[in-house]
Each structure stands twice: as structure tokens, then as C-alpha cells.
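**Q** One predicted model, sequence on top.
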Amino acid sequence: MHTVEVSHVAKSFGETQAVVDVSFDVERGEIFGLLGPNGAGKTTTIRLMLDIFKPERGTVSILDGPMTEEKKERVGYMPEERGLYQDAPLERCLLYLASLKGLSGSEARQRLGTLLERFDLAAHKSKKVKELSKGMQQKAQIINTIIHHPELVIIDEPFAALDPINAQLVKDLMRELRQQGATILMSTHQMHQVEELCDRILLIDDGKDVLYGDLDDIRRRFSGHAVLVRTAGELPTVDGVEQAAPHNDAIKLTLSQGTTPQDVLRALMAQDVILEKFEIATPTLDEIFIRVVEG
Amino acid sequence: MSKLWLVAKYEYVRNVFKKSFVLLTLSVPLILALSVGLGWLIDRMENPDAPVGYVDQAGVLADPIAAPRSAGSPNNPSSSHLVTLIPYQTEKEAREALESEEIQAYYVVAADYRLTNQVELVYVEPPGDNVTRQFWDFMQINKITDVPPDIARRAVAGSNLIVRWPDDMPGGGREFSERTFLNNLLPFFIGIMFIMLLFMSSGHLTQAVATEKENRTMEIVVTSISPGQLIGGKVLGIIAMTATLVMAWIAFAVLAVFVGSRFLDISVLKNVSIDPRIVITMLAIAAPTYVMLAALMAAGGATVAEGQDAQQVAGLFSLPIVAPFWLGVIIIENPNSPLAIALSLFPPTALSTTAMRIMSVPIPPWQVAVSVTLLLLSAGGAVWLAGRAFRLGMLRYGQQLNWRELFKV
């Protein structure tokens, strides 16, 4: 059974069709990446999942059924539009939001203490939220998202405004949550974070899903279009190579349509080139993203 | 605990422990107390208690009858305090007493007073109005020498006019007189207090909703609780805050009446009583008015981009509440005119118009019933509108919601 099942949902706002036709599932215990260019419909899709908006078509199932008031306590959500009560002391703000998630006062206080220590915010708990830096507020927001031990965590741009140290903290936290059995859906533009963390992804463009599935499968699907070559001497010209560019300690040869890596290897062997390295280049998610979006 | 109560509790604590709330709770009673106290002090300073002398050269005060208890009508609630009148045989004795400050002034009743009515007042500092009124009454009462003293006092004191509605008339049994004039003003004060509280608390509600948008917390909150629980909790929290303010002010008022009547001898406070029918009528109209205004304020708060804009919205909705006061003179002078009745029935103006009318006339129960019914319907409509505005506008960060969109089907 999937934690999230979204089936052919659509949503428009006036003349604008924000989501045209999106379908995907998120399996229990995985980290799922929701990707797409700006305005693709990621945030609207998330809001449809959380019942903030109603879809015009299609169905959404969260934790084995439609969203209910009770299920809201089992879901943690960090929206892209960050928000905490700016004039409230940090501790009071987080305790209040935790209580809305069904935690008792004592439970919330105990968990909050642990999390504030972990995120290095304990010394700032009495300060007003507006007195904290953007990064601190981001961490506070993360605390708010997970304090109630949700089964499903939805985070929109989790690494925005975080320095590398705090970004690592968040990554470790996400891995920890997954180990504890939570399901995480992450929407982000930072492809290297997706590559590091996500099991499966959905790429949306213009309100439609254009790429969906296991990350390794997707990479494999898009590989074969480039090879990494290192030769003893100078690399000769080879037919069927669109572009040659330095890539770390080798040369990356981007192949033209119809040319396979085997063709390039045969061509190099025919020229008696002494090869030190010949490897099929796996495209980065960035490259795949650009290729898919720009067609 | 239901999440609605969690929101209510948070909203209550957030507002009640603010410095501005504490200042508001204390400032109004303190300002009133200062005003009343200052007035009392000035009255005392302008009307000192030192005796006043008189020299009766005409012999009209040989066997004087004391003046009535109060200067004027025996039921005059604004009676000033009395001074002792001391007779002197000669003007020389009176002057010596004045110079030695035994008396504050003295009157000289001229020898030909019976013909000329001439009375001279001699003073170093002008005496207060109470002295003048008291001596005037004293002279008047002692002109009527051929009737018993008590009749003479009643003749000088004048009549006490009481207007009373028949008991069998709707709203009857009420009485208007000089003695009860403060009671007659009480409904107006109650109405004003409700209106003030309406503005304060409804303004808070507008801010409360707009603040969720400004703080960008709306999305987190509505994924924790339903919009209905959020709005309901905020309304409850603000009602509780308002109730705290009302209780504090009532406590101060009771204390003021107690202190004023017992220790400061302010006689107008000794006759304070409140007709429960008036309180019930005002409450029956104020409650749905509050819900209607609160819902409209919430709708307004959901349409604006920032908290500051919310104040402008609050001001806009307060106009119809205040407008009847511009016609106050007309309404009070003609409380049963078609205009006054119509404004009592029209929901936005019902509360303030009723507060003014009820001072002068008892309001027929059918008018109260119609007014309350229309208010309840309006409140229902406003709540629907608020829900719609909230759903449409809650995630429009930094954007205003167009009122046309709000009413679009």
C-alpha cells in the first residue's frame, strides 16, 4: 500500500491551468523527489495532496484514504512560504503549533527541548522569532515539521537558506526519519541533493508529469549519450561525436543522435589509440532535467 | 482538548498579556475616575464649607425657618452641600468675623428689604454657587411666614416631575425623573460600551486573520486544523479577551459607585439601579451584532495583504455602527419616529439606535424581536461570507482579494 497515491489530478485558477494531469505514488518509507522548473505546478500539487485545494479532476489518497482532520496529525508539512509567528517567543510559537498537531503540553515540551538542542537553537528559545536569522527560522520550521513524529513528511525546498553545515544536518535528519519508517516527499531545485537522498522522483513541467520513476533507472535511461575517455596521447577526432569537453581527469564526448558508445570505441581502436579510461558517462540529474524540460 | 480551544487559548493569552491590553483595561476607568475625582475636588474647592454670616437689618429673619435639605428640589440629585448660616447683630461684627476668617462671606439684608428686596453680599473671595442658592432658598422660605414651616419648605423646593409609563404598556413601568436621570442614561452608556467593545474586539479579529497571512503561517495552520476551527478559535479567544475587559470595567464601575456614594458623598451615585429588561434588550441586540461585525471583520482580514490594511477595513465596517449618532438629536427627540424605528430594525445601525431610543422610551417587544431576527440572519450571512473570503484569500500572500471575486458564484 502506498503512503500517497495521486491519480490524474488537475487544478486551475481562473484562466491558468496550474496542474493539467499529474499522477504518481509514494511508497512507504521512501524519500521521493518532486522536481520541476518554476511554475511547473509542484506547490499546487502538494496543496492538492494536503487538501488545501480541491482537485477539479482526479483523486488523492494520503495514508490509505482521503485526507481527514485526524490524518493531519500524522502529516508534517513545511511549505515553501516559510512562516512562524514573528512576534512570539520561539518556544511558545513551536509549542502552540505542536499542540495543534495533537501533542500534549508535556510531550511537546520534552520533544521540543531535545530538538532545540539538536538544531542548536536552545539558547534562542526565549527570543522572538523575528529576532532570529533566516537560517535559524528555517531550522525552527523544520523542528515544527517533525516534532510530532509524522508518518508522512512533505517539505518544499528544505535546503533553502541553509549553510552547508545545516544542510548536512537536515540530510542526516531525513535519512534518520526514513530509517524510522517515515515517508518523505521533498520538492526542490537542488538536483545534487535529490541525487544524494531520493529513491524515486517525479519531474513536472507545465502541470504534467514528464519523468517518473526510480532514480537509477532514469539515469540509465538517459545514459549512453556520452562517454568519458582518457588516452595516453592526444585524443583524435572521432565521427559521431557532437562535443568534447574536459571532465575531471578525462574528456567527455557527447554523442550525436544515432551514435552509440560502441561506435566510438570501435573508432578509437581503429586508430590505435591507447586508452587509459573508457566509461559510459552517467548524466547528472541537472543534465537530465535540462534535457527533458528544454526538449 | 479540542483544537478550537487551543486556538482560543493562544489568541486570548497573546492579547491579554500585552502591555497595550493592560493599559486599555486600566486607562479608561482611571481616566473616568480622575475626571470624576477632579470634578469633585474642584466642586469642593469652589464651594468651601466655611459658614456664611448674615445681618438682618429688616427683621425678616428674626425667627428663621431653615432652608430645605437640598438647594432646589428635594429630589434634585445634584444637590450641593449646605453651609451653616450665622446671624450677626451688626455689620461690624460680621466684618470682624469675615476678617478673622470665621466666615467666608456675609449677607446684609437691607432695612427696607420688604420694599426693595435688597440684599448685599460681602466677601473677600467669592463664595460658591451653593451659598448663593442656599441663601436664596433661605430668604424665599422666610417670606412665607403665614404657613407652617414644612409647607413653606415644600413651596420653595418646588415640584418633582416623574414621567411614568403605564404598567400594562409594552415596556411599561419605567420611570423618568430628576432622581433617576442617571439610570435613564445607563442604557446609552451600556450601548456605548458594547459599541466600543465591538470595535476593539472586531478590530482584533481582523488583525488576527490578517496576521496569519502576514506571518505566512496560514498554510501550516490549515494543514493542522480546519479553517472553521481556526476562525472559531480566534473568535472565541477574542470574545474571552473582551469579556475580561468588560468584567474589569464593571468591577471598576462598581467600586467607583461604592466609593463615590459612601465616602465622597456624591448623591447622584446613591440612586443607581439598573433595569434588567434594558440589559437583556441590549444584550439580545449586541450579541448578534457582534457576530455579524466579527464575521465581516474576519472576511475583511482575509481579503487584505497586510495587517495595516486590516485597520482600514475595520474602519469601513464601523461606519454604519457610528452613523446613527450623527442623527442623535433627531432620534432622541423623536424616538418613535419612522426614521428611528427603521434604523433600529436595520442590522448595521440597530445597536446604536436602540441605545439612544431606549433612554427616552420603552421599545415595544415586537421591534426588538424583528431587530434580533434580522440581526441573526445578517450574522449568518456574514459568517458565510467570512468562510468564503477565508478559503479564497488565505493563501494570497501579499495580495488583496477582490470583493468581486468574493461574491462571484
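**A** It's in.
**Q** Every contact and neighbour count from this point should use C-alpha atoms.
**A** Will do.
**Q** To what extent is residue A:166 buried, counted in neighbours?
**A** 18 (other CA atoms under 10 Å in any protein chain shown).
**Q** Next one: it relative to chain B, how far apart?
**A** Look at residue A:166 and chain B: by CA to the nearest CA, to the nearest Å, they are 22 Å apart.
**Q** residues touching the single nearest residue of the stretch 1-150 of chain A relative to chain B, list them.
**A** Going by CA to the nearest CA, chain B is nearest to residue A:83 of the stretch 1-150 of chain A, at 4.3 Å. Contacts for residue A:83 (CA atoms under 8 Å, 6 or more residues apart in numbering or on different chains) come out as A:141, B:215, B:216, B:217, B:218, B:220.
**Q** Which residues are in contact with residue 223?
**A** Picked chain A for this. Residue A:223 makes contacts with A:280, A:281, A:282, A:283, as judged by CA under 8 Å, 6+ apart.
**Q** Switch to chain B, please.
**A** A:50, A:51, A:52, A:72, A:77.
**Q** repeat that for 10 Å
**A** Taking CA atoms under 10 Å, 6 or more residues apart in numbering or on different chains, we find residue B:223 in contact with A:47, A:50-52, A:69, A:71-73, A:75-78, A:100-101.
**Q** Kindly report the same for residue B:315.
**A** So residue B:315 contacts B:199, B:203, B:297 (CA under 10 Å, 6+ apart).
**Q** Check residue A:230 too.
**A** A:246, A:247, A:249, A:250, A:251, A:252, A:274, A:275, A:276, A:277, A:278, A:279.
**Q** Secondary structure element holding the last one?
**A** Taking DSSP states H and E as the criterion, the element that holds residue A:279 is strand A:275-280.
**Q** Going by neighbour count, which residues of that strand are buried?
**A** Using 16 or more other CA atoms under 10 Å in any protein chain shown as the test for burial, strand A:275-280 gives A:278, A:280.
**Q** could you point out which element follows that strand?
**A** helix A:285-294.
**Q** Can you show me the CA trace of that next one as PDB?
**A** Extracted C-alpha coordinates of helix A:285-294, given in PDB (Å, rounded to 0.1, in the frame of the first residue of the first chain):
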ATOM      1  CA  LEU A 285      20.100  14.900 -12.800                       C
ATOM      2  CA  ASP A 286      20.700  18.500 -13.700                       C
ATOM      3  CA  GLU A 287      21.600  17.400 -17.300                       C
ATOM      4  CA  ILE A 288      18.600  15.100 -17.400                       C
ATOM      5  CA  PHE A 289      16.300  17.900 -16.100                       C
ATOM      6  CA  ILE A 290      17.500  20.400 -18.700                       C
ATOM      7  CA  ARG A 291      17.300  17.900 -21.500                       C
ATOM      8  CA  VAL A 292      13.700  16.900 -20.600                       C
ATOM      9  CA  VAL A 293      12.400  20.400 -19.900                       C
ATOM     10  CA  GLU A 294      14.100  22.100 -22.800                       C
END
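**Q** other SSEs contacting that helix?
**A** helix A:191-197, strand A:200-205, strand A:208-214, helix A:215-222 (3 or more CA pairs under 10 Å, 6 or more residues apart in numbering or on different chains; DSSP states H and E).
**Q** Give the rounded mean pLDDT of the shortest one.
**A** Taken as a whole, strand A:200-205 has an average pLDDT of 92.
**Q** now that strand: how far from the chain's centre is it?
**A** The chain centre lies 9 Å from the centre of strand A:200-205; the measure is CA atoms, centre = their mean, to the nearest Å.
**Q** list the helices and strands that strand packs on?
**A** Against strand A:200-205 (3+ CA pairs under 10 Å, 6+ apart) you get strand A:16-27, strand A:31-35, helix A:42-49, strand A:183-187, helix A:191-197, strand A:208-214, helix A:215-222, helix A:285-294.
**Q** how about the first one, does it reach chain B?
**A** What it means is strand A:16-27. No: using CA under 10 Å from any CA of the partner chain, strand A:16-27 never reaches chain B; the gap is at least 15.0 Å.
**Q** Which other helices and strands does that strand contact?
**A** Applying 3+ CA pairs under 10 Å, 6+ apart, one finds that strand A:16-27 makes contact with strand A:2-13, strand A:31-35, helix A:42-49, strand A:57-62, strand A:183-187, strand A:200-205, strand A:208-214.
**Q** Could you give the bridge partners of residue A:214?
**A** Residue A:214 has these beta-bridge partners by DSSP bridges: residue A:200.
**Q** and it, how many neighbours?
**A** 15.
**Q** nearest residue to residue 232 other than its sequence neighbours?
**A** Here I'm looking at chain A. Counting by CA to CA, 6 or more residues apart in numbering or on different chains, residue A:232 lies nearest to residue A:274, which is 5.6 Å off, once chain neighbours are set aside.
**Q** Please refer instead to chain B.
**A** Ranked by CA to CA, 6+ apart and with sequence neighbours excluded, the top spatial neighbour of residue B:232 is residue B:4, at 6.4 Å.
**Q** any idea which helix or strand carries the one you found?
**A** With DSSP H and E as the criterion, the answer for residue B:4 is helix B:3-16.
**Q** which residues sit against that helix?
**A** Outside helix B:3-16, the residues touching it (CA under 10 Å, 6+ apart) are A:87-88, A:92-93, A:96-97, A:99-102, B:21-22, B:25, B:204-205, B:208, B:224-226, B:228-242, B:244-245.
**Q** on that earlier part again, if you average pLDDT over each of the helices and strands packed on strand A:200-205, which comes out lowest?
**A** helix A:285-294 (a mean of 78).
**Q** Please point out which parts of it sit buried.
**A** Residues of helix A:285-294 classed as buried: A:285, A:288, A:289, A:293 (neighbour count, 16+ other CA under 10 Å).
**Q** And stretch A:197-215, by the same measure?
**A** Buried residues in stretch A:197-215 (16+ other CA under 10 Å): A:197-209, A:211-213, A:215.
**Q** ditto for stretch B:108-115
**A** Buried residues in stretch B:108-115, counting neighbours by 16+ other CA under 10 Å, are found at B:108, B:109, B:110, B:111, B:113.
**Q** Appreciated, that's everything.
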